[in-house]
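S.K.: need a 3D model of the sequence below.
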Amino acid sequence: MPDVVVIGAGAVGAACAYYAARAGLDTLVVDRGSVAAGTTGAGEGNVLVSDKAPGPELALALLSRDLWLGLTEDGVGGGDGGFEYEPKGGLVVARTPHELAALTALAGAQAEQGAEHVVVPADALTDHEPHLAPGLAGGALYPQDAQVQPALAAARLIRRGAERFGRGTLMLRTGVTVTGLLRVGERVTGVATDHGDILAGAVVNAAGTWGGEIAAMAGTTLPILPRRGFVLVTEPIREPLIRHKVYTAAYVTDVASDSESLETSAVVEATPSGPVLIGASRERVGFDRTTSVPVLERLARQAVELFPVLAGYRAIRAYCGFRPYCPDHLPVIGQDPAVPGLHHACGHEGAGIGLAPATGHLIAQTLTGAVPDLDLRPFLPGRFQEAHR
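M.R.: Here you go, the predicted structure:
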């Protein structure tokens, strides 16, 4: 009987399990698929502060960024088995003076919370990215932005957590589907699965896009919806054409949008193995995985408009994933007020990779009764249940 069962072996679930084991809790991760088989495996691995509005999510992102750095020093991200942590920084570019003014104002507000940035005038953009298109109005460079290989990160967190810390242990069971939650009175005491019941002291819902379904099993409400996004992948490029994660200021607007319709904005970054990743699209179409050639065409066109040099290279594949979207664009972190023993760690939309360590760290603190390092009130699941009532 573990102290904790974590539902979901994506980046957030892996981080919850890792920090719970570090805190001395015997932890079991269950997933109906394999490690990182859901949203995590379809992500780009963003560890960003640049796209976070001032407030609770930016505070969460800054904490998480510091924890990512700590993980690289803890043996999780280092050596041949690392997760390709790249502290390469992010460059946000503005196409018009109006966009540049809005971007500069946002960066100034973010700086008040500790987000570092440097305003880059138009004539200095190519000093940072030599292949950028001419005619841009300027930008902002965020040195704290980074990137990881998301599937490797999730796997390494679980593997490292499974190595005994001298306190808690971590175990993994894949191919196990949760079919219900076990209860004694109002309290959750484990999970029912297609491989039998698992008793536990607490359950963490880290099911990502399917977090709302797990909550419904307990009779509670989380309005998490899938938001589809495509990523286009180029052939390997020997010459390092792109130095940072580069995206247009419109991306920040798209992240904060509530629209159900298609939105695309150029996001371009290189990878250590050579291919360039091109995003980003957002649309609410349920769990439809149909490849949309028009969306891919838009992504390719916007990428070439930002980096004309990419027109000389081929796109070799594309993939899609489903971001777990919450209406207020904040993740759900903390104990369910209506269901003792059930904790939620889901609804991070497109920021789950970057916010995973902070989420796992905070969940472990709540599980052990420690005072959380951040005020969890903006993230607590009760905010949706109150609205539902």
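S.K.: need the helices for the protein, in chain order.
M.R.: 11-22, 56-73, 97-111, 125-128, 150-162, 211-217, 250-256, 293-306, 352-368, 382-388 (DSSP state H).
S.K.: for this protein, what helix or strand is lowest in average pLDDT?
M.R.: helix 250-256 (a mean of 69; mean pLDDT, DSSP states H and E).
S.K.: how does this structure divide up, domain by domain?
M.R.: 4-76+149-223+328-388, 90-143+225-325 (automatic domain parsing).
S.K.: most tightly surrounded among those?
M.R.: domain 4-76+149-223+328-388 (a mean of 21; mean count of other C-beta atoms under 10 Å). C-beta here means a position set from N, CA and C on the backbone, and glycine is covered the same way.
S.K.: quick one: it to chain centroid distance?
M.R.: 12 Å (C-alpha atoms, centre = their mean, to the nearest Å).
S.K.: now it: average pLDDT?
M.R.: Summarised as a single mean, pLDDT over domain 4-76+149-223+328-388 is 94.
S.K.: export the helices of the chain to TSV and tack on distance to G274?
M.R.: What follows is the helices of the chain, written out as TSV (distance: least, C-beta to C-beta, whole Å):
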stretch	distance to G274
helix 11-22	23
helix 56-73	22
helix 97-111	30
helix 125-128	21
helix 150-162	16
helix 211-217	35
helix 250-256	24
helix 293-306	16
helix 352-368	21
helix 382-388	43
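S.K.: for F307, what are its contacts?
M.R.: 129, 131-133, 241-242, 246, 268 (C-beta atoms under 8 Å, 6 or more residues apart in numbering).
S.K.: re earlier: make JSON lines out of the domains of the chain and add distance to G82.
M.R.: Listed next are these as JSON lines, based on distance: least, C-beta to C-beta, whole Å:
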{"stretch": "domain 4-76+149-223+328-388", "distance to G82": "7"}
{"stretch": "domain 90-143+225-325", "distance to G82": "10"}
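S.K.: residues touching the closest residue to E305 other than its chain neighbours, list them.
M.R.: Once flanking residues are discounted, E305 sits nearest to A133: 6.3 Å by C-beta to C-beta, 6 or more residues apart in numbering. The contact partners of A133, taken as C-beta under 8 Å, 6+ apart, are 305-308.
S.K.: how about the strands of the stretch 101-250 of the chain, start to end?
M.R.: Along the stretch 101-250 of the chain, the stretches classed as strands by DSSP state E, counting those that start in this stretch are 118-121, 138-142, 146-147, 170-174, 178-184, 187-193, 196-199, 202-205, 225-234, 245-248.
S.K.: E73: which of those is closest?
M.R.: strand 146-147 (14.1 Å; C-beta to C-beta).
S.K.: can you name every helix or strand that that closest one contacts?
M.R.: strand 46-47 (3 or more C-beta pairs under 8 Å, 6 or more residues apart in numbering; DSSP states H and E).
S.K.: give me the sheet partners of the strand it packs on and which way each runs.
M.R.: strand 146-147 (antiparallel) (DSSP bridges).
S.K.: returning to what we had before: which one of the domains of the chain lies closest to E84?
M.R.: Of all the domains of the chain, domain 4-76+149-223+328-388 comes closest under C-beta to C-beta, at 4.0 Å.
S.K.: what sits against V176?
M.R.: Here V176 is in contact with 30-32, 193-195 (C-beta under 8 Å, 6+ apart).
S.K.: can I get those in a markdown table with distance to E235?
M.R.: Listed next are these as a markdown table, based on distance: C-beta to C-beta, whole Å:
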| residue | distance to E235 |
| --- | --- |
| V30 | 38 |
| D31 | 32 |
| R32 | 34 |
| T193 | 42 |
| D194 | 41 |
| H195 | 42 |
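S.K.: once you drop chain neighbours, what's closest to L100?
M.R.: A94 (3.8 Å).
S.K.: and the one you found, what pLDDT?
M.R.: Confidence score, pLDDT, at A94: 95.
S.K.: any idea how far it lies from G33?
M.R.: From A94 across to G33, the span is 40 Å (C-beta to C-beta, to the nearest Å).
S.K.: same check, this time on E84
M.R.: Taken as C-beta to C-beta, the span from E84 to G33 is 22 Å.
S.K.: of the helices of the chain, which is nearest L342?
M.R.: The nearest among the helices of the chain, by C-beta to C-beta, is helix 211-217 at 8.0 Å.
S.K.: keeping just the C-alphas, turn the closest one into PDB.
M.R.: Extracted C-alpha coordinates of helix 211-217, given in PDB (Å, rounded to 0.1, in the frame of the first residue of the first chain):
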ATOM      1  CA  GLY A 211      -8.000  15.400 -15.500                       C
ATOM      2  CA  GLY A 212     -11.600  16.400 -15.600                       C
ATOM      3  CA  GLU A 213     -12.600  12.800 -16.200                       C
ATOM      4  CA  ILE A 214     -10.700  11.700 -13.100                       C
ATOM      5  CA  ALA A 215     -12.300  14.500 -11.100                       C
ATOM      6  CA  ALA A 216     -15.800  13.400 -12.300                       C
ATOM      7  CA  MET A 217     -15.100   9.900 -10.900                       C
END
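S.K.: check which helices and strands it is in contact with.
M.R.: Checking 3+ C-beta pairs under 8 Å, 6+ apart, helix 211-217 ends up next to strand 178-184, strand 202-205, strand 342-346.
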